[in-house]
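Trainee: Structure of the sequence below:
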Amino acid sequence: FNSAREDNMWSYHVEFSITETNSVIEHDSTQTNCALTSLKIPLPIHKAIPAAPPAPLGCDDPESEAAAEVAVNYINGHSHHGYKFALNRIDNIRVVPQGPNNDIIFLELDLLETTCPILSPTPLENCTVRSFAEHAVEGDCDVKLQKVDGTLSVLASKCHSHADSNEDLLKVCPDCPVLAKMNNTDVLETVSAALNDYNSKTTESYLRLLEIGRAKIQYHPGHIIVTEFAVGATNCSAEEAKANVGACQLLPEDQSNFGFCRAVMVKLPSQDLQVDCQLYGHQPGVTYIHPGQDTSAGLAPSAVGVTNHNLGLAHNNPVASESSSSEILRSMLSAKSVTKRAVAAAAQHDKVPRPVGFVPPPPPCPGRIRHFDI
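Mentor: Below you'll find the predicted structure:
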């Protein structure tokens with residue numbers, strides 16, 4: 001037996017002999033002798049070709065949307081002021097394999113503010129995205145996740161939010177009132193009057209202001225102030241508060257009861273005040289993170305002089321395998337720069353001449369807009 005390799009082909013030389021016998025096989029037929037002196041069989045041997053990397057995920061792929069859902073729930077779960085946000089578009093996604101069934105995922109998300117306060121028990125899927133005419137607020141988030149054996153977890157997130165510009169809103173809706181600053185004198189007056197009015201009529205717990213959520217002021221044809229604000233039940237009844245309101249404290253965490261109010265004050269042409277408050281009841285595990293600086297206006301220091309609560313999140317999961325926040329944020333920024341280079345390369349590739357009638361496939365990112373673009 002000998003073997004040799006020639007031009008990626010293996011040649012085998014086999015020699016063997018068969019001895020003639022007189023043994024009967026069947027029906028008295030005798031096996032004849034035969035001899036095979038050599039056998040040369042060419043067998044193709046192919047060089048090993050490395051497996052092609054998996055196709056990049058598109059922003060509208062089911063896997064991308066599943067990761068975005070986990071990310072949005074994490075963001076809302078770690079936000080303590082303002083309103084819940086819903087996904088509007090997946091701007092970009094990048095997957096970095098770490099090993100078998102272990103991937104790091106970078107997401108860039110566009111979110112929109114909903115009408116559900118952050119303290120509301122209403123599930124996000126039942127929350128209404130605030131319409132463009134209501135002066136929408138957009139959130140931009142970078143999120144880093146890990147997927148191990150099909151299970152997604154968030155390692156870090158970084159967000160900021162901003163209201164649509166007054167100019168953009170008024171172009172589409174010239175008569176729509178724009179967001180007012182939360183420390184505007186008219187706004188503070190309306191909130192104070194509304195809360196006093198509610199507490200003077202209720203037979204339940206005395207309510208304290210937690211924070212102002214948003215406000216709008218209309219000047220024509222009438223002077224109207226619309227406010228929304230979060231409240232908390234205290235350990236005093238409304239009647240007890242009349243004697244010593246300073247002694248009324250928010251209920252302890254194991255009894256807490258938060259709610260939300262909407263008030264409309266008309267100053268001109270006639271005066272009127274309408275207040276509607278809803279208490280959610282005790283929600284185990286739901287707490288209100290006080291800003292640390294109590295003000296009669298219920299404003300966090302960061303909300304003074306602004307029109308909306310900023311979704312200014314920068315969270316690292318304390319149980320994540322990576323403990324350094326700077327390392328996580330650096331990797332998120334690195335992912336962005338790599339993505340920009342990939343987009344530039346794709347743009348250059350698109351300049352290659354195409355056959356007549358060629359229809360390029362839709363770009364994998366950014367994804368579809370679920371509500372509206374601002």
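Trainee: so where is the stretch 1-150 of the chain shaky, pLDDT-wise?
Mentor: For the stretch 1-150 of the chain, the stretches with pLDDT under 70 are 1-54.
Trainee: can you give me the helices in it?
Mentor: 62-77 (DSSP state H, counting those that start in this stretch).
Trainee: next one: the stretch 151-300 of the chain
Mentor: For the stretch 151-300 of the chain, the helices defined by DSSP H, counting those that start in this stretch cover 166-172, 185-201, 238-243.
Trainee: and residue 83, which of the ones you listed is closest to it?
Mentor: Nearest to residue 83, of all the helices of the stretch 151-300 of the chain, is helix 185-201, at 16.7 Å by CB to CB. Glycine gets a C-beta too; all of them are placed from N, C-alpha and C.
Trainee: What residues of the closest one count as buried?
Mentor: Across helix 185-201, burial judged by 16 or more other CB atoms under 10 Å covers 186-188, 190-191, 193-195, 197-199.
Trainee: Give me the helices and strands touching it, please.
Mentor: The contact analysis (3 or more CB pairs under 8 Å, 6 or more residues apart in numbering; DSSP states H and E) places helix 185-201 against strand 205-218, strand 223-237, helix 238-243, strand 258-268, strand 272-279.
Trainee: and which of the buried residues of helix 185-201 is nearest to residue 93?
Mentor: Among those, residue 187 lies closest to residue 93 (CB to CB), at 39.8 Å.
Trainee: Wasn't residue 306 part of a strand?
Mentor: No - if the criterion is DSSP: H, G, I helix; E, B strand; the rest coil, then residue 306 is coil and not within a strand.
Trainee: lowest-confidence stretch among the helices and strands packed on helix 185-201?
Mentor: Here the lowest mean pLDDT among the helices and strands packed on helix 185-201 goes to helix 238-243, at a mean of 93.
Trainee: what comes into contact with that helix?
Mentor: 199-200, 202-206, 234, 248 (CB atoms under 8 Å, 6 or more residues apart in numbering).
Trainee: domain assignment for the protein?
Mentor: Following automatic domain parsing, one gets these domains for the chain: 2-44, 62-168+315-349, 180-284.
Trainee: how about the CA coordinates for stretch 87-98, as PDB?
Mentor: Taking Å, rounded to 0.1, in the frame of the first residue of the first chain, the C-alpha atoms of stretch 87-98 are listed here in PDB:
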ATOM      1  CA  LEU A  87     -40.000  52.300  20.700                       C
ATOM      2  CA  ASN A  88     -40.300  54.400  17.500                       C
ATOM      3  CA  ARG A  89     -37.400  53.000  15.500                       C
ATOM      4  CA  ILE A  90     -34.300  50.900  15.700                       C
ATOM      5  CA  ASP A  91     -31.600  53.100  14.200                       C
ATOM      6  CA  ASN A  92     -28.800  50.500  14.300                       C
ATOM      7  CA  ILE A  93     -27.800  47.200  15.600                       C
ATOM      8  CA  ARG A  94     -24.400  45.400  15.800                       C
ATOM      9  CA  VAL A  95     -23.700  41.900  17.000                       C
ATOM     10  CA  VAL A  96     -20.200  40.900  18.300                       C
ATOM     11  CA  PRO A  97     -19.900  37.100  18.900                       C
ATOM     12  CA  GLN A  98     -18.100  36.200  22.100                       C
END
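Trainee: picking that back up, any chance of the domains of the chain in TSV with distance to residue 366 as columns?
Mentor: Output for the domains of the chain, formatted as TSV (distance: least, CB to CB, whole Å):
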stretch	distance to residue 366
domain 2-44	46
domain 62-168+315-349	5
domain 180-284	28
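Trainee: So which of those domains is nearest residue 369?
Mentor: The minimum distance between residue 369 and the domains of the chain falls on domain 62-168+315-349, with 5.1 Å, by CB to CB.
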